[in-house]
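Q: Have a look at this prediction, sequence included:
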Amino acid sequence: MAYGSGSSVDRSRRTLQNLAKTLGCAPETFFGETAPKYLADAEELLQLMLSITDSSQRRRVLDFAQTVKAASDARIGDA
């Protein structure tokens, strides 16, 4: 099935699943008490990323975020 096909509910579900996968969380995260703050942080991060016009600088931001994620994963694995 092509990405653009299906009902709007199906497309929304796939979009949330993809976003959750990208952010490393469960889709249910978007519907709990923490959802508004979590989404606001994600929106701010995305807006900041999109506002950086230099591709090497965007890459630095992405590398930093990946480093923070890896450190978080390692800390969780040590627990």
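A: Happy to help now that I have it.
Q: center of the protein - which residue?
A: Leu23 (3.0 Å; CA atoms, centre = their mean).
Q: Touching, that one and Glu43? I think so.
A: No. Between Leu23 and Glu43 there is no contact under CB atoms under 8 Å: 11.5 Å. To be clear about C-beta, it is placed using only N, CA and C from the backbone, and glycine gets the same treatment.
Q: quick one: the helix or strand bottoming out on mean pLDDT in the chain to chain centroid distance?
A: One helix or strand of the chain scores below all others by mean pLDDT, DSSP states H and E: helix 8-23, with a mean of 83. Here helix 8-23 is found 11 Å from its chain centre; the criterion is CA atoms, centre = their mean, to the nearest Å.
Q: thinking again about what came up before, quick one: the residue nearest to the centre of the chain from Ser56, how far?
A: Distance of Leu23 to Ser56, computed by CB to CB, to the nearest Å: 24 Å.
Q: now swap in Thr15 and tell me
A: 29 Å.
Q: Looking at those two, which one has more neighbours?
A: Counted by other CB atoms under 10 Å, Thr15 and Ser56 do not tie: Thr15 has more neighbours, with 12 against 7.
Q: Tell me which residues touch that one, please.
A: Not one residue lies near Thr15 by CB atoms under 8 Å, 6 or more residues apart in numbering.
Q: ok, now Lys69?
A: Contacts of Lys69 by CB under 8 Å, 6+ apart are Gly24.
Q: Scan this structure for its longest helix.
A: helix 55-78 (DSSP state H).
Q: Give me the angle between it and helix 8-23.
A: 80 degrees (axes from the mean of the first three to the mean of the last three CA atoms, to 10 degrees).
Q: Determine how far helix 55-78 lies from the middle of the whole chain.
A: 13 Å.
Q: Make 34 the starting number, not 1.
A: With the count now opening at 34, the last piece we talked about shows up as helix 88-111.
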